[in-house]
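Chemist: pasting the structure only:
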């Protein structure tokens, strides 16, 4: 009985290692930074803070890496949101459906009830800078409805992000 288990583990270990390496490959451009959530509306019934809330963030852009645009928000009070938007985060795209998860002590699915609208995405220090994998810094301003999985709750999100994968 022990011999077949060792044989199986011996053959599966390299495959598991290869899978972990492939999954750990970083995005071509990944932006990290911080910002704040402000201007909440309809969130009071949920007990969500009605003032400014500080967040840390990570952003992977669809137009650079393909797949979904992904935005991860980590709250100073301990929770997290992961939003996946199957579109580019450009100001002219209107309202876009976001899929994702919320973590507050345990994992909750937001389903497809969250909507995101990009108010601004600007290069820093020059607002007219072309957005690509070599962009150093960006400012991203979003409006999010059904925020944090809370129906009827909306916020404005303002982020300053740095391209930490840029080796120039």
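Modeler: Done, it's in. Note that this is a predicted model, so its numbers are computed, not measured. Residues are numbered from 1 along each chain as shown.
Chemist: residue 56 and residue 34 touch, don't they?
Modeler: Yes - counting by Cβ atoms under 8 Å, residue 34 is a contact partner of residue 56 at 4.9 Å. No exception for glycine: its C-beta is placed from N, CA and C like everyone else's.
Chemist: can you show me the strands along the protein?
Modeler: 30-41, 53-60, 69-75, 80-85, 95-103, 107-123, 137-145, 154-163 (DSSP state E).
Chemist: can you give me the pLDDT of residue 112?
Modeler: Reported pLDDT at residue 112 in the predicted model: 72.
Chemist: any idea which of the strands of the chain scores lowest on pLDDT?
Modeler: strand 107-123 (a mean of 88).
Chemist: could you give the angle of it to strand 154-163?
Modeler: Taking axes from the mean of the first three to the mean of the last three Cα atoms, to 10 degrees, one finds strand 107-123 and strand 154-163 inclined to each other by 60 degrees.
Chemist: mind checking how far stretch 81-100 is from the chain centre?
Modeler: 10 Å (Cα atoms, centre = their mean, to the nearest Å).
Chemist: buried set for that stretch?
Modeler: Neighbour counts over stretch 81-100 (16 or more other Cβ atoms under 10 Å) mark 81-85, 87-90, 96, 98-100 as buried.
Chemist: same check, this time on stretch 29-48
Modeler: 29, 30, 31, 33, 34, 35, 36, 37, 40, 42, 43, 48.
Chemist: and residue 49, what does it touch?
Modeler: Contacts of residue 49 were listed using Cβ atoms under 8 Å, 6 or more residues apart in numbering, and they are 40, 43.
Chemist: quick one, grab the pLDDT at it.
Modeler: 70.
Chemist: quick one on the thing from earlier: now the buried residues of stretch 29-48 as JSON lines including distance to residue 69?
Modeler: JSON lines is the format used below for those (distance: Cβ to Cβ, whole Å):
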{"residue": "29", "distance to residue 69": "12"}
{"residue": "30", "distance to residue 69": "12"}
{"residue": "31", "distance to residue 69": "11"}
{"residue": "33", "distance to residue 69": "16"}
{"residue": "34", "distance to residue 69": "19"}
{"residue": "35", "distance to residue 69": "16"}
{"residue": "36", "distance to residue 69": "20"}
{"residue": "37", "distance to residue 69": "18"}
{"residue": "40", "distance to residue 69": "23"}
{"residue": "42", "distance to residue 69": "25"}
{"residue": "43", "distance to residue 69": "24"}
{"residue": "48", "distance to residue 69": "24"}
